[in-house]
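Peer 1: task: produce atomic coordinates for the following.
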Amino acid sequence: MRELTYIKSAVRRRLDEFGGAVKVSPPSLSRNKQLIFLCGANSAPGTPSPRREALKKYIQGISGDYSVIYAESVFNELIKVGHLKNALDLEHEISDIADKIIIVLESESAFCELGAFAHQALRKKLIVINDSQFREGQSFINTGPLAAMAEVKSPTLWYPMSNIRSKVDGIGAVFFELKEALSVKPRKSTLKTDFSELNTDKSSLYFIHDLVLFAGAISYKELVQILVTLFGDKRYDLLHRLLGILRAAGLITNYMVEKNWIYRTVGRTPFLSYASDTNALMSTFRSTLIKSYPGRFSLG
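Peer 2: Below is the predicted model of the structure:
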């Protein structure tokens, strides 16, 4: 089977048109999603604590515009597709993309995360949830990271936290304050105009989502072929992590077909608005893939 993007293919012709339009008239933002990075303890390996589960359920119930991400979910996605990444760099990449970072101070690892994310570049995104018994103490946590957060009006939410991590405690006591904190919209980031380089930002995340949407049911290798067709032969190492974040955020799904992981979007609306005819691009991809790989669409 020839590559989807071979020089005389219908897909290649549409991609050349699309790529030319992206370079001449960069996409604009069509819709947005608030990505919230939720950090804290695990109740078992790879299983978020009941507090974090309760917080995720509550946050995503506030608005369909909120999507909560666990670092563990992204890490597990990368392991699943055979692309390992150290947790420290991965968490920094997620935090760069996230609109808000919530840290529940319920474990030693959560204190490490607070130290990692409380620096000047990220502290405006932070919301920390802590045990009220430590509110008046003069610990380094209070006089260091939490004080630095207060200087930029990033909130710390307090409640009587249980020592038992395996059960939901009174975490609901912070829900009202949390809703208020989330309603403070982050400063609007500028949509970048050059998509030839993938970065840890919302622009690249949305662009990859839209490519998956236009393709319909696409493998990682084919996504790389698309990027090479659009922007030239270079390394696209960040693609795996962006796909992992999209998967963890519930914006795409993946499944195995003939020993290949196939990606599809959950929704049917792009995040960016393009000057070219993306409906024609989608139609060409669909007809080509249905003809060559009909099984991808019956399983997704």
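Peer 1: might you report the residue contacts of residue 26?
Peer 2: Residue 26 is in contact with 191-195, counting by CB atoms under 8 Å, 6 or more residues apart in numbering. C-beta here means a position set from N, CA and C on the backbone, and glycine is covered the same way.
Peer 1: please, which helix or strand holds the spatially most central residue of the chain?
Peer 2: When CA atoms, centre = their mean is applied to the chain, the residue found nearest the centroid is residue 245 (3.5 Å). According to DSSP states H and E, residue 245 maps onto helix 239-248.
Peer 1: contact partners of that helix?
Peer 2: 35, 69-70, 73-75, 77-78, 81, 83, 85, 90, 93-94, 97, 198, 200, 204-205, 208-209, 212, 220, 223-224, 227, 252-254, 263.
Peer 1: in strands only, show me those residues.
Peer 2: Among those, the ones falling in strands (DSSP state E) are 35, 69, 252-254, 263.
Peer 1: which among the residues you listed gets closest to residue 270?
Peer 2: The closest of the ones in strands among the contacts of helix 239-248 to residue 270 turns out to be residue 252 (CB to CB; 12.6 Å).
Peer 1: could you look up the SS state of the closest residue in space to residue 33 that isn't next to it in sequence?
Peer 2: Nearest non-adjacent residue to residue 33, counting by CB to CB, 6 or more residues apart in numbering: residue 67, 5.5 Å away. Following DSSP: H, G, I helix; E, B strand; the rest coil, the label given to residue 67 is strand.
Peer 1: just the pLDDT at residue 67, thanks.
Peer 2: Note for residue 67: predicted pLDDT of 94.
Peer 1: again with the one 5 residues further on
Peer 2: We note a pLDDT of 84 for residue 72 in this prediction.
Peer 1: for stretch 220-240, measure first residue to last.
Peer 2: End-to-end distance of stretch 220-240 (CA to CA, to the nearest Å): 8 Å.
Peer 1: revised request: answer the last question for stretch 255-265.
Peer 2: End-to-end distance for stretch 255-265: 12 Å, by CA to CA.
Peer 1: returning to that earlier point: in helices, which of the contacts of helix 239-248 appear?
Peer 2: Judged by DSSP state H, helices contain the following of these: 73-75, 77-78, 90, 93-94, 97, 204-205, 208-209, 212, 220, 223-224, 227.
Peer 1: just the buried residues of those.
Peer 2: 73-75, 77-78, 90, 93-94, 97, 204-205, 208-209, 212, 220, 223, 227 (16 or more other CB atoms under 10 Å).
Peer 1: got the contact list for the residue nearest to residue 105 when sequence neighbours are not counted?
Peer 2: For residue 105, ignoring the flanking residues on the chain, the nearest one in space by CB to CB, 6+ apart is residue 130 at 4.5 Å. Going by CB under 8 Å, 6+ apart, residue 130 touches 105, 141, 146, 156-158, 161.
Peer 1: in a strand, residue 130, correct?
Peer 2: Yes - counting by three-state DSSP, residue 130 falls inside a strand.
Peer 1: follow-up on the earlier one: which of the ones in strands among the contacts of helix 239-248 sits closest to residue 121?
Peer 2: Out of those, the member with the shortest distance to residue 121 (by CB to CB) is residue 35, at 16.7 Å.
Peer 1: return the set of residues that bridge with that closest one.
Peer 2: Residues in a beta bridge with residue 35, per DSSP bridges, are residue 67.
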